[in-house]
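J.: A predicted structure for the sequence below; I have some questions about it.
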Amino acid sequence: MTIGSPGDATDWVWPLWLDRQLDSASPAWSPGQPLPGATNVTARNWTAIGNLDSRLEATVDPRGLVTPFTEGRGWSLDWWVGADDRWHLPSREPAVRQRLLQAAPVVETAMRVPGGDAVHRAYAVRDAGRELVVVEVENRSAAPLALALAIRPCGTRALAAVRRIALADETIVVVDGRVAMWLPRRPNRAAGSVGGRGDVARLVLDGDAGDALEPLDDPDGLASAAFVWPVPHRTSLRVVLPLAPPAPKGGRIRRRKAGPTERSATFTGSAPTIGELPGADQVANGWRVHRRRGLQLALPDDRLADAFDATRGQLLVGFDRVDVRTPRDTVWLAGALDRSGLAAEVRIWAASLPERWRSSGHLGGSDHGIAGDGAALHALADHWRLHRDRGLAVELAPTVGAVAEAIGRASGRRRGLGLPIDELLWSTAAMAAAAEVLVAGDEAQAGADAGRLAGVLRARLDHRRNPDGTRPALAAIAGWPLRVVSPDDDRLAPAVDRLRGSDGDVGVVVAPD
């Protein structure tokens, strides 16, 4: 493997998605994306790992790149394996396979090397109140291997800014002022680089890694570092990463002054006992217990059964029961959990809505506004239709009534200007859902008022036109699963045909009724 000049972005060892977007010969080529600033627009097929009842999760790409930040933005950890013949880079190797252990959120990535496989596993655990990601690499080949674990200025979703990297107390990696990784022992070799000098991969692959890592500081945000150990035949090496909240928009970490721990390369915080953390099989067995709850299906095809179990595990990781990420996430995740027999998760989330309304003035948080309110009410009404939980409806009726009044006032104030299509859709869905929940919660008059406003908003939506006189395709398509547009509405087929004819094939996915 040859790494070219430091200034050429194509000579860096990027994740699979960016490698392909930079390659003009690839079907995933995405011309015009700036570096830095590129985002993953062609291979959004990562796997989420996390703990139950947590808002934090990491993502693992199809080649084992781990991004410990919720939403897959921020720096990531890559792995490179040195064998007798050469260095093997998972993002560029053809012989890489990936699977979930026991259909749980435990990702195993195997890469072929001479004499066998190098196997990478990533999963989340809890330890002493902390949420952690365990990354371990096992040598299943017949010969010893060299393993390099690399801090990369990119994630599964986008490039990221990494400005400062330091190794504290020989076993703690600090990135941009906070602990990023605990190591099992001092690395045998280490290397670091900043953007002006090129990718650290060049030093590792050329055998130029040194005995220690000097602290890195790169104002351009392209710092990278790698730590190298020997991994004998039939042994493994494990590191631990703290799960982190979402990185700021664009994957850039807020810069702050270096603390004394970084300047002196020491760190006094407690570290997990890496060898005592649960193994991958233990964690997978724990998730099997959760799969026994709710809907049980006997499927004729083992692969289909595994896919169903894996999907349910991903739903449990993604639906944190506290945060609303995007309005559509709320609708689809809550609906899928309700339909797979995991209504308890949705009920706990629903019971938190009054406090969230009091604290932010919106059910979905202030960032999502009316769309978040509409999504939450829609998911709540869907829960009511499926489970007829009248006690919950009575408990939430005052909050639902307050939200309906607020949406009504907002839509009335903007009657002359007209609401944007997306906001009008969510407002209509919200009022229709509020009407159902209020009636179920013994608030008949408030339910009737919400139902009348839903009718007004729906009529307003029906009369909206595009500049060419056609009804908005977005309204017809997006309104169906929200129960704003009837499934047999005669606008659906023409809207899909219009989109398909204007810009190639269009796939439309809607939630089942």
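T.: Nice, I can see it. Numbering: from 1, shown residues only.
J.: Would you agree residue 244 is in contact with residue 59?
T.: No: at 11.7 Å, residue 244 does not count as touching residue 59 under the criterion of CB atoms under 8 Å. Backbone N, C-alpha and C define where each C-beta goes, glycine included.
J.: Between these two, tell me which one has more neighbours.
T.: residue 59 (24 against 21; other CB atoms under 10 Å).
J.: Now do the same contact list for the more buried one.
T.: Taking CB atoms under 8 Å, 6 or more residues apart in numbering as the contact definition, residue 59 lies against 46-49, 66-67, 72, 155-157.
J.: Roughly how far does it sit from residue 45?
T.: 10 Å (CB to CB, to the nearest Å).
J.: For residue 353, grab phi and psi.
T.: phi -60, psi -40 (degrees, to the nearest 10).
J.: Pretty sure it sits against residue 364.
T.: No: the criterion here is CB under 8 Å, and residue 353 misses it with residue 364 at 9.5 Å.
J.: what residues do the two have in common as contacts?
T.: residue 376.
J.: Looking at those two, which is more packed in?
T.: A count of neighbours by other CB under 10 Å puts residue 364 above the other of residue 353 and residue 364, at 27 against 22.
J.: How much space separates the more buried one from residue 411?
T.: Residue 364 is 17 Å from residue 411, by CB to CB.
J.: coming back round to it: now, the contacts of residue 59 that are in strands?
T.: Among the contacts of residue 59, the members falling in strands (DSSP state E) are 47-49, 66-67.
J.: What is the nearest of the residues you listed to residue 116?
T.: Nearest to residue 116 among these, counting by CB to CB, is residue 66 at 22.4 Å.
J.: and that closest one, bridged to which residues?
T.: residue 60, residue 77 (DSSP bridges).
J.: Over to residue 47?
T.: Beta-bridge partners of residue 47, as defined by DSSP bridges: residue 60.
J.: chain center to the host helix or strand of residue 313, what's the gap?
T.: When elements are assigned from DSSP states H and E, residue 313 belongs to helix 302-318. Relative to the centre of its chain, helix 302-318 is centred 16 Å away, using CA atoms, centre = their mean, to the nearest Å.
J.: What average pLDDT does that helix get?
T.: Helix 302-318 carries an average pLDDT of 85.
J.: And for stretch 102-118?
T.: On average, stretch 102-118 scores 96.
J.: Repeat that for stretch 166-173.
T.: The model assigns stretch 166-173 a mean pLDDT of 94.
J.: for the nearest residue to residue 130 once chain neighbours are set aside, what are its contacts?
T.: Using CB to CB, 6 or more residues apart in numbering and skipping residues adjacent in sequence, the residue nearest residue 130 is residue 242, 6.5 Å away. By CB under 8 Å, 6+ apart, the residues touching residue 242 are 68, 130-133, 179-180.
J.: Which members of those residues are classed as buried?
T.: 68, 131-133, 179-180 (16 or more other CB atoms under 10 Å).
J.: Redo those as CSV? Include pLDDT, secondary structure and distance to residue 335.
T.: Formatted as CSV, the buried ones among the contacts of residue 242 follow (pLDDT from 0 to 100; DSSP: H, G, I helix; E, B strand; the rest coil; distance: CB to CB, whole Å):
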residue, pLDDT, secondary structure, distance to residue 335
68, 95, coil, 29
131, 94, strand, 27
132, 96, strand, 31
133, 97, strand, 29
179, 94, strand, 38
180, 95, strand, 36
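J.: dump the residue contacts of residue 188.
T.: So residue 188 contacts 228-230 (CB under 8 Å, 6+ apart).
J.: one more time with 6 Å, if that's ok
T.: 228-229 (CB atoms under 6 Å, 6 or more residues apart in numbering).
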